[in-house]
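A.B. asks: Show me how the following folds:
(one chain, ligands or ions: 2)
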Amino acid sequence: MTTTHQRPAIEVAGLRKEYGKHVVLDGVDFHVVRGEIYSLLGPNGAGKTTTVNILSTLIKPDAGTARVAGVDVLRRPAAARSRFALTGQYASVDAFQTGRENLVMMASLNHLDGAARRTRVDELLDAFDLGEAANRKVAGYSGGMRRRLDLAISLVASPEVLFLDEPTTGLDPRSRSQLWSLVAGLAANGTTILLTTQYLDEAERLADRVGVIDGGRIVATGTPDQLKSEVSGDHIVFSFGAPGDVERAAALGRGRPDLDVDADALTVRMPSTDAVADIRSFLAQTAAHDIQVTDIAIVGPTLDDVFLTLTGTSAAQRAAADKSITDKKEKAA
Ligand SMILES: Nc1ncnc2c1ncn2[C@@H]1O[C@H](COP(=O)(O)OP(=O)(O)O)[C@@H](O)[C@H]1O
Ligand SMILES: [Mg+2]
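C.D. replies: Numbers count the residues shown, from 1 in each chain. Ligands and ions are numbered 1, 2, ... in the order given. Modelled structure (predicted):
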């Protein structure tokens, strides 16, 4: 008899981790379906790397369970390790070897020899656009090339599950989008991917589902579209040609305390759930007072809006707070 029931590729329940009094994971639950890209989206310090480190058997939680490809990572870490690969935020390649040498070394560690090894290495060099650089030392590679090589190395053994911890942090836009295509291609071929990121656009481009993580808890889960629509609506940005026009337009909108006036940018920003109606009525008012609107744009919610709505603190405020803590530490040192 065949069973139609398939376990999710990743199952996490009640994960807790504390360092002294600091609760880093406060009961994390989520699952990832086979072949899915699931993104853990959250600011610095949210607990993303800690979660990935537990799943990849590098550290142990204080409580909770985790399974990867059906294998309990806490009870059977060695068995679990043969089912997944990890690519971290910091590329872990050997800079003094060439790209090809790095891949050959990893292939040998995975018991690939002779022609099979050569074929796999060539395949990966080709797929990751590293053919031309294959025989150069990694020390001379760009950040994007290193990240691609790191990804290729983690795929030597064709893992079922891939953990990508902030794979594009620090990359230039072109390398980012190249990596995005590669990751999307891996998922299309059936690899299950857990991807952590701080960037909503990255989650939006790649993820089937997103778990927003903050302070060691998953605070929201859904498809990128669901999250954005639940979290906040669109904004309409009206632009003006002169400071006087912005002031007069803002005065017209006095009845709406949610208007955000930017005198430097010469814009008025209006939250909206019905953009057509709001644009029509605002334009009728400005026209009646002879105020010229020079541009209109409808913009979706940003990562900052998501965090602001879900957690009450914006990402920008957090970054500022982080920086002031860092500055104080540096002064104290
Ligand atoms: N070994 C550790 N000892 C003490 N605190 C830690 C340790 N590792 C992580 N933390 C803390 O746990 C929190 C979550 O860290 P991390 O999982 O790296 O977050 P993220 O990857 O989302 O930026 C942070 O506040 C971090 O300082
Ligand atoms: Mg991290």
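A.B. asks: Look up how far V183 lies from L162.
C.D. replies: Relative to V183, L162 is positioned 8 Å away (criterion: C-beta to C-beta, to the nearest Å). (C-beta placed from N, C-alpha, C; glycine too.)
A.B. asks: shared neighbours of the two, anything?
C.D. replies: Taking C-beta atoms under 8 Å, 6 or more residues apart in numbering as the contact criterion, the common neighbours of L162 and V183 are I193.
A.B. asks: which residues does E160 contact?
C.D. replies: By C-beta under 8 Å, 6+ apart, the contact list for E160 reads A9, A69, R83, F84, T191, T192.
A.B. asks: again but with L164, I slipped
C.D. replies: T87, L151, V183, I193, L194, L195, T196.
A.B. asks: who does it bridge with?
C.D. replies: Beta-bridge partners for L164, by DSSP bridges, are T87, L195.
A.B. asks: Okay, it and D150: tell me how far apart.
C.D. replies: Between L164 and D150 the computed distance is 10 Å (C-beta to C-beta).
A.B. asks: can you check G35 too?
C.D. replies: When C-beta to C-beta is the yardstick, G35 and D150 sit 22 Å from each other.
A.B. asks: Pick out whichever of these two has more residues nearby.
C.D. replies: Per other C-beta atoms under 10 Å, whichever of G35 and D150 has more neighbours is D150, with 22 against 15.
A.B. asks: list the contacts for that one?
C.D. replies: T87, G88, A91, S92, V93.
A.B. asks: for I59, same thing?
C.D. replies: For I59, the contact set (C-beta under 8 Å, 6+ apart) comprises K17, T50, N53.
A.B. asks: now with 6 Å?
C.D. replies: With contacts defined as C-beta atoms under 6 Å, 6 or more residues apart in numbering, I59 is in contact with N53.
A.B. asks: same deal with the one 3 residues further on?
C.D. replies: By C-beta under 6 Å, 6+ apart, the residues touching D62 are R16, K17, E18.
A.B. asks: Would you mind listing what in the stretch 1-150 of the chain touches ligand 1?
C.D. replies: When proximity is defined as C-beta under 6 Å from any ligand atom, the stretch 1-150 of the chain approaches ligand 1 at Y19, H22, V24, G42, N44, G45, A46, G47, K48, T49, T50.
A.B. asks: Quick one: buried ones out of the contacts of E160?
C.D. replies: For the contacts of E160, a burial check counting by 16 or more other C-beta atoms under 10 Å picks out A9, A69, R83, F84, T191, T192.
A.B. asks: just curious, which of these is nearest to P224?
C.D. replies: Within the set of those, T192 lies nearest P224; the separation is 18.0 Å, counting by C-beta to C-beta.
A.B. asks: ok, the closest one - contacts?
C.D. replies: Contact partners of T192, counting by C-beta under 6 Å, 6+ apart, are A9, V32, R34, G35, V161.
A.B. asks: and the residues you listed, which two are the farthest apart?
C.D. replies: Spatially, the most separated pair among those is G35 and V161, at 10.4 Å (C-beta to C-beta).
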